[in-house]
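Participant: got a predicted model here, sequence first, then my questions.
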Amino acid sequence: MLPTLLLATSMTLLTLDDGALHLAAPTSVRVQQSKVNWETLEYDLYEPSEKESFLQIVAGGGAYDLHRYTRICLNGREAWKIESADSGMVVVGEPGFNAVAVYWAKLSGTRLNEAQNILSSLKMDWGAKC
């Protein structure tokens, strides 16, 4: 039996939303920021060779219907999560006032694991603590 070989991915800490949002992502990931409206920014995360983002982060005032979501604690902040086998969304912060939503869709294997690792590293400087 051969030993399992684990490859460590070099990670970098990203600070977004004027310094209030922090997350760890592989150094190979490219981030593109766009303005959705006067209060909302979107950050799209891309693999180096891909034209479509694999993870979208929306930071702003957004209102969300969270009735079907599961309440969770994400790095000390109240959050809500809904997911299927390959897609999902997590909302953190104070929906309707100041929240961050993270979306992923149709991901599998390594890419899904990468998206989940990035999400699990997300830390915010606002929102209800848990």
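Facilitator: Perfect, thanks for sending it.
Participant: number of residues surrounding the residue lying closest to R111 once chain neighbours are set aside?
Facilitator: Spatial nearest neighbour of R111, chain neighbours left out: F54 (5.6 Å); criterion: CB to CB, 6 or more residues apart in numbering. Where you see a C-beta, it was placed from the backbone N, CA and C, and this is true even at glycine. When neighbours are defined as other CB atoms under 10 Å, F54 has 19 of them.
Participant: please apply the same query to V58.
Facilitator: 18.
Participant: strand partners of the strand or helix carrying it, parallel vs antiparallel please.
Facilitator: Under the criterion of DSSP states H and E, V58 resides in strand 55-60. Paired strands of strand 55-60, with direction, are strand 40-46 (antiparallel), strand 98-104 (antiparallel) (DSSP bridges).
Participant: please identify the deepest-packed of these.
Facilitator: Highest mean neighbour count of the strands paired with strand 55-60: strand 98-104, a mean of 22 (counted as mean count of other CB atoms under 10 Å).
Participant: what's the offset of the strand holding V58 from the middle of its chain?
Facilitator: The chain centre lies 7 Å from the centre of strand 55-60; the measure is CA atoms, centre = their mean, to the nearest Å.
Participant: for V29, give its distance to L66.
Facilitator: 28 Å (CB to CB, to the nearest Å).
Participant: more neighbours, these two?
Facilitator: Counted by other CB under 10 Å, V29 and L66 do not tie: V29 has more neighbours, with 19 against 15.
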